[in-house]
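below are the sequence and a predicted model; questions follow.
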Amino acid sequence: MTRDDTLAGVDSRRIETDRLETHFLETSESDLTTDGGETVVFLHGNVSSSRFFEDVLLELPDRHRAIAPDQRGHGDSETKPVDATNGLGDFEADLNALVGALDVDEPYVLVGWSIGGGVAMRYAIDHPEAVAALVLINPLSPYGFGGTKDVDGTPCFDDYAGAGGGTANWEFVSSLQHRVRDGTAAVSPRNILRTYYVDPTHDFDDDREESYLTGMLDTATGDENYPGSTIESDNWPGTAPGDTGVNNAISPKYCRLEEITGIDPADKPPITWIRGDTDQIVSNASLFDVGTLGRMGHLPEWPGEDVFPPQPMVDQTRAVLETYVDRGGEYEEIVFGNTGHTPHVEVPGDFLDRLQAVLG
């Protein structure tokens, strides 16, 4: 089933690939050669969907073809298990099947937000010839999410305790499962959207807020999807990554994206790294990281700064991208002030200016 509530000028489509029945949003299919445009593929983050890119698709100049898929277990795409032991490999392979089924000409621009940034990096590692440029919006650290303690991605514990499905807030997971739309609870999806997805100083248009909330609620929950399976650990905080589900796929046990530095210099796509300066999800002191919560006294028996500090996510990304440059690539870091985890939603005009500079 396609959506009937898209903004005028944005089409909702579904296509059966050899991996997944994928729903995606799309704009112009103009003659890119004649018009001088490029194909741009937008990859959303965790607990979200293509809805978060709908306004960007609408405002992008018509000469570009824009595609924004819902990744497996999200939005209106088919729900299938996520094999965490393959890192982000399931999402990457789904993307490869989609661009093949849509006959997208190479190379194209990949725009990845949060976990979508990790998928974009994984895709560039395995298919560098297909990527004209990477635009990473508040991306997942190249060393995954949680459980590492320095810019080199050193794990806090050998079993990567403190990362994976077991670190999720179960009240939030329950709210997703029961599609709770009100904002009564502090960790309700609506309050997470208002407080953490965006800087709280930004206001939503009511209709757009409802659409974004629906995009969050259209997340498949459970051991095979979000947040994923859990296993007990003797190390703090008592849980380590399982082998299925999204949060395990992005754990440092399985997600190692620093390999991007090893792309042949001739094939390295230029990288534009865009982030908000008040992001509380991907930061050096993420409020979704148990290291930060332990330091703040919200989790008992925190072993201390030497053993389990907050993950320096931003510093890790910068260190990897600097190595990327040392090995023949190029990148630019762009920071938007008073902006949280979703610059494309919070400051769409500034974001589009930067994106069009990449496409220019």
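Perfect, thanks for sending it.

could you pull out the helices in the stretch 101-250 of the chain for me?
115-126, 170-177, 189-192, 206-217, 246-249 (DSSP state H, counting those that start in this stretch).

how distant is the last one from the center of its chain?
Here helix 246-249 shows a centroid-to-chain-centroid distance of 12 Å under the convention C-alpha atoms, centre = their mean, to the nearest Å.

now stretch 254-266 - C-alpha only, PDB.
Presented in PDB, the C-alpha positions along stretch 254-266 are these (Å, rounded to 0.1, in the frame of the first residue of the first chain):
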ATOM      1  CA  TYR A 254      29.500  -5.600  14.400                       C
ATOM      2  CA  CYS A 255      29.500  -2.000  13.000                       C
ATOM      3  CA  ARG A 256      33.000  -1.000  11.900                       C
ATOM      4  CA  LEU A 257      32.900   1.800   9.400                       C
ATOM      5  CA  GLU A 258      36.400   3.100   9.800                       C
ATOM      6  CA  GLU A 259      37.200   0.900   6.700                       C
ATOM      7  CA  ILE A 260      36.000   3.900   4.700                       C
ATOM      8  CA  THR A 261      39.500   5.300   5.000                       C
ATOM      9  CA  GLY A 262      40.800   2.300   2.900                       C
ATOM     10  CA  ILE A 263      38.800   3.100  -0.300                       C
ATOM     11  CA  ASP A 264      41.200   3.600  -3.100                       C
ATOM     12  CA  PRO A 265      42.100   7.400  -3.400                       C
ATOM     13  CA  ALA A 266      40.800   7.400  -7.000                       C
END
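
ramachandran angles for residue 271?
Per-residue torsions, residue 271: phi -120, psi 130 (degrees, to the nearest 10).

isn't it right up against residue 137?
No - using C-beta atoms under 8 Å as the test, residue 271 is too far from residue 137 to be in contact (11.7 Å). To be clear about C-beta, it is placed using only N, CA and C from the backbone, and glycine gets the same treatment.

kindly indicate whether the closest residue to residue 70 other than its chain neighbours is helix, strand or coil.
Nearest residue to residue 70 in three dimensions, chain neighbours excluded: residue 77, at 3.9 Å (C-beta to C-beta, 6 or more residues apart in numbering). Three-state assignment for residue 77 (DSSP: H, G, I helix; E, B strand; the rest coil): coil.

residues touching residue 77, list them.
When the contact criterion is C-beta atoms under 8 Å, 6 or more residues apart in numbering, the partners of residue 77 are 20, 21, 22, 23, 24, 69, 70, 71.

show me where the protein has its strands.
11-16, 21-26, 39-43, 65-69, 108-113, 131-137, 221-222, 226-227, 230-232, 239-241, 271-276, 331-336 (DSSP state E).

can you put these in CSV and add distance to residue 350 and mean neighbour count?
What follows is the strands of the chain, written out as CSV (distance: least, C-beta to C-beta, whole Å; neighbours: other C-beta atoms under 10 Å):
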stretch, distance to residue 350, mean neighbour count
strand 11-16, 26, 14
strand 21-26, 22, 22
strand 39-43, 17, 25
strand 65-69, 18, 26
strand 108-113, 15, 25
strand 131-137, 12, 24
strand 221-222, 34, 20
strand 226-227, 30, 24
strand 230-232, 39, 15
strand 239-241, 36, 27
strand 271-276, 9, 23
strand 331-336, 6, 16
